[in-house]
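> this one's sequence-less:
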């Protein structure tokens with residue numbers, strides 16, 4: 001300990017390599033802290049702290065130093081980049097900005113770097129910008145002397161959620177966050193003037209753009225903020241598919257629905273709904289199985305209408321184009337629903353030719369019989 005104290009006094013802080021000991025190039029934070037306190041009693045500048053020494057380990061273990069660095073870094077970013085606007089910081093900051101950009105302090109006439117490793121190695125932060133801001137706001141509220149400003153910060157802390165951080169999803173978004181945003185976005189569209197709460201109408205008419213790409217806004221301390229949507233529709237369970245988005249919403253909503261009537265409706269929709277019922281949302285929704293199912297349903301429907309037993313008999317029909325353009329109706333929750341055939345017409349097997357649909361149907365039936 002004595003060697004460390006003498007070396008600190010000799011160099012008036014760390015040496016040129018940032019070390020506090022002549023031979024031991026790395027010290028534990030608690031040992032260095034003790035040496036600093038002794039050296040300060042002998043004339044070392046009291047501004048020197050453990051976090052000014054880069055060659056130190058277990059730095060996050062000293063809670064007071066860790067919290068001091070978090071608050072300093074938060075204030076630096078808040079004032080220099082966002083002019084004190086906490087909401088703007090929340091919407092625009094990133095992990096890198098909060099935990100990797102330099103933080104410098106003036107000591108003995110020189111700008112000294114602050115070691116930020118104690119922040120992102122801290123279990124409380126875990127390289128999460130959301131946890132960083134939450135912790136920093138907690139510290140700032142404790143030190144705030146103006147009641148009005150303190151109340152505002154308390155409201156921000158209470159209302160902020162991971163999805164409000166527009167550029168910081170790493171180590172911040174979990175499945176619960178994604179599900180919460182998914183439900184909020186679905187219900188925002190459902191409440192719109194276009195649907196006025198009619199869930200079946202919405203499900204059958206909504207589009208990829210409307211459900212996945214239009215912005216979702218919430219409020220924090222009375223301020224309008226945009227909710228980040230990217231992690232929701234990029235999730236492997238959704239994959240930018242409106243159909244999977246809707247299915248996930250129903251899976252989340254059904255167990256929570258208190259009304260027996262509404263719950264029965266949601267369960268019926270969940271049971272009956274298929275990708276081909278989504279007229280405006282074929283992208284990332286239709287796959288080969290959906291195409292096959294729609295082709296078989298359509299050809300069988302026309303065969304019944306025409307009273308023929310073999311699909312090939314339809315080839316003699318003069319109005320064969322009805323296979324491509326006449327409506328195909330099915331039911332979802334006991335309501336008639338038109339099957340969207342646009343993706344069928346464009347399929348590589350059909351190529352907008354009714355005869356090709358017949359041939360494809362025959363091939364599918366032959367494959368089923370072979371099984």
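Received it, and whenever you're ready, just let me know what you need. Since we're looking at a predicted model, the values are computed, not measured.
> which residues of the stretch 151-300 of the chain score low on pLDDT?
Counting by pLDDT under 70, the ranges of the stretch 151-300 of the chain that qualify are 168-171, 281-284.
> try it again with 90
Counting by pLDDT under 90, the stretch 151-300 of the chain shows low-confidence ranges at 165-176, 207-209, 212-213, 228-241, 274-291, 293-294.
> residue ranges for the strands of it, please.
216-220, 223-227 (DSSP state E, counting those that start in this stretch).
> got CSV for these, with mean neighbour count and distance to residue 146 too?
No exception for glycine: its C-beta is placed from N, CA and C like everyone else's. CSV is the format used below for these (neighbours: other C-beta atoms under 10 Å; distance: least, C-beta to C-beta, whole Å):
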stretch, mean neighbour count, distance to residue 146
strand 216-220, 15, 19
strand 223-227, 16, 18
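> Let's have those strands in a markdown table, adding distance to residue 131.
Putting the strands of the stretch 151-300 of the chain into a markdown table (distance: least, C-beta to C-beta, whole Å) gives the following:
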| stretch | distance to residue 131 |
| --- | --- |
| strand 216-220 | 17 |
| strand 223-227 | 18 |
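> Nearest to residue 93 among the ones you listed would be which one?
When these are compared by C-beta to C-beta, strand 223-227 sits nearest residue 93, at 13.1 Å.
> same for that closest one, what does it pack against?
Contacts defined by 3 or more C-beta pairs under 8 Å, 6 or more residues apart in numbering; DSSP states H and E place strand 223-227 against helix 86-92, helix 175-190, strand 216-220.
> Mind putting the ones you listed into CSV with distance to residue 271?
As requested, the helices and strands packed on strand 223-227 are arranged in CSV below (distance: least, C-beta to C-beta, whole Å):
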stretch, distance to residue 271
helix 86-92, 40
helix 175-190, 18
strand 216-220, 28
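> do you know which of the ones you listed lies nearest residue 142?
Smallest distance to residue 142 across the helices and strands packed on strand 223-227 (C-beta to C-beta): 15.5 Å, for helix 86-92.
> how about the closest one: buried residues?
Within helix 86-92, the residues scored as buried using 16 or more other C-beta atoms under 10 Å are 86, 87, 89, 90, 91.
> How about stretch 264-277?
Buried-residue list, stretch 264-277, by 16+ other C-beta under 10 Å: 265, 266, 268, 269, 270, 273, 274, 275, 276, 277.
> all helices for the stretch 201-350 of the chain, in order.
208, 230-233, 242-253, 260-272, 288-306, 322-325, 342-345 (DSSP state H, counting those that start in this stretch).
> Reformat the ones you listed as a markdown table; add distance to residue 201.
What follows is the helices of the stretch 201-350 of the chain, written out as a markdown table (distance: least, C-beta to C-beta, whole Å):
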| stretch | distance to residue 201 |
| --- | --- |
| helix 208 | 17 |
| helix 230-233 | 22 |
| helix 242-253 | 13 |
| helix 260-272 | 11 |
| helix 288-306 | 22 |
| helix 322-325 | 24 |
| helix 342-345 | 20 |
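> Minimum distance to residue 179: which of these has it?
Residue 179 lies closest to helix 242-253 among the helices of the stretch 201-350 of the chain, at 5.7 Å (C-beta to C-beta).
> Does anything pack onto that closest one? Which helices or strands?
Short answer (3+ C-beta pairs under 8 Å, 6+ apart): helix 242-253 packs on helix 175-190, helix 260-272.
> Now with 10 Å, please.
Of the remaining helices and strands, those touching helix 242-253 by 3 or more C-beta pairs under 10 Å, 6 or more residues apart in numbering; DSSP states H and E are helix 175-190, helix 199-205, helix 230-233, helix 260-272.
> Which one of these lies nearest to residue 33?
Of all those, helix 175-190 sits nearest to residue 33, with 37.1 Å by C-beta to C-beta.
> and the closest one with strand 216-220, angle?
In terms of direction (axes from the mean of the first three to the mean of the last three C-alpha atoms, to 10 degrees), helix 175-190 departs from strand 216-220 by 110 degrees.
> mind checking how far helix 175-190 is from the chain centre?
11 Å (C-alpha atoms, centre = their mean, to the nearest Å).
> same deal with stretch 350-358?
42 Å.
> what comes up buried for that stretch?
Those would be 350, 354, 356, 357, 358, for stretch 350-358 by 16+ other C-beta under 10 Å.
> between those, which is closest to residue 325?
Of all those, residue 325 sits closest to residue 354, with 8.8 Å by C-beta to C-beta.
> picking that back up, switch the helices and strands packed on helix 242-253 over to a markdown table; also include distance to residue 296.
Formatted as a markdown table, the helices and strands packed on helix 242-253 follow (distance: least, C-beta to C-beta, whole Å):
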| stretch | distance to residue 296 |
| --- | --- |
| helix 175-190 | 31 |
| helix 199-205 | 21 |
| helix 230-233 | 30 |
| helix 260-272 | 17 |
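> who wins for proximity to residue 219 among these?
If you check each of the helices and strands packed on helix 242-253 against residue 219 by C-beta to C-beta, helix 175-190 wins as the nearest, at 12.3 Å.
> Just want the angle from that closest one to helix 242-253.
Helix 175-190 and helix 242-253 are oriented at 110 degrees to each other (the same axes, to 10 degrees).
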